[in-house]
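Novice: the following comprises the amino acid sequence and a computationally predicted model.
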Amino acid sequence: MKHLIHFDGLWRGLLLLAVSVLTIAPTPCNLRIAEIPGGSEKPGRVGTSDVFAVDHELVQPIDPLTGAASSARQHRPLTVLKVIDRASPGLHRALATGQTFREVELDFYQLEPATRVETKYYTITLKNARIVGLKTMVPTTFLPENESYGHMEEVRFAYEMIQWHWIPDAIVEQDAWRGRPGIHAAAGAPAPVARGSLGGSASSATTVPVPDTR
């Protein structure tokens, strides 16, 4: 009986330690949408939403017999798993109305080994993006393994143009969902306006054609 009590106490201690580690662990990235500010309170990230998972894929269809490309590369929606915050109602409205965002920015952070300070090292920017999927995700709360899992939502974005920026070396590349693949940007240069987008300032309710992802 003493062994069982000791084991139960040890398990509870390890669980509490895991929860505390997850609580203080650095947020890997943050979502920034100018039209819909998020609820992050981290220094330098106010107005963004804390993101805990990212899933995005570009696919090159191939001939299964030869391995040769069978058609142009294909983009898939970019998906983020974020906390439910002050941006959540606006994101639902944007999906319902088909609102287009001139830019959606995803900033990635890492801990500097020497200083243990989080610095931004990588950015993904979506041009003329809109939300094509939104799913609220709260797991079964009475299960111990879900105790540290917060209230989350999964948001999926389609876009006209995507840009990848490796900040340390100012390397910037971009591609359009439609059209000629491999549209390059000079290192450190701003992205050109995507085909079919509106030049100049854009209203938050501006709607432009975005690929149908159904």
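Specialist: In hand now; what should we look at?
Novice: what sits against the closest residue to residue 110 other than its chain neighbours?
Specialist: Excluding the flanking residues, the one nearest residue 110 by C-beta to C-beta, 6 or more residues apart in numbering is residue 121, at 5.4 Å. The C-beta positions use only the backbone N, C-alpha and C, and glycine is treated the same way. Residue 121 is in contact with 108, 109, 110, 166, 167, 168, counting by C-beta atoms under 8 Å, 6 or more residues apart in numbering.
Novice: same list, those, but as TSV with distance to residue 44, pLDDT and neighbour count please.
Specialist: TSV is the format used below for those (distance: C-beta to C-beta, whole Å; pLDDT from 0 to 100; neighbours: other C-beta atoms under 10 Å):
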residue	distance to residue 44	pLDDT	neighbour count
108	14	96	17
109	9	93	19
110	14	90	14
166	19	97	14
167	14	96	15
168	17	94	8
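Novice: neighbouring strands - and their directions - for the strand ranked longest in the chain?
Specialist: As assigned by DSSP state E, the longest strand anywhere in the chain is strand 118-137. Under the criterion DSSP bridges, strand 118-137 sits next to strand 101-111 (antiparallel), strand 152-158 (antiparallel), strand 161-166 (antiparallel) in its sheet.
Novice: how about residues contacting the longest one?
Specialist: Counting contacts by C-beta under 8 Å, 6+ apart, the residues outside strand 101-111 that touch it are 26-35, 45, 48, 51, 54, 78, 80, 94, 117-130, 157, 159, 197, 202, 204, 206.
Novice: off-centre distance for that strand?
Specialist: Relative to its parent chain, strand 101-111 has a centroid offset of 7 Å by C-alpha atoms, centre = their mean, to the nearest Å.
Novice: quick one, which of the contacts of strand 101-111 are buried?
Specialist: Buried subset of these (neighbour count, 16 or more other C-beta atoms under 10 Å): 27, 29-33, 35, 45, 48, 51, 54, 78, 80, 94, 118, 122-130, 157, 159, 197, 202.
Novice: so where do the helices sit in the chain?
Specialist: Assigned helices in the chain, in chain order: 2-24, 88-97 (criterion: DSSP state H).
Novice: which one of those has the lowest average pLDDT?
Specialist: Sorting the helices of the chain by mean pLDDT places helix 2-24 lowest, at a mean of 43.
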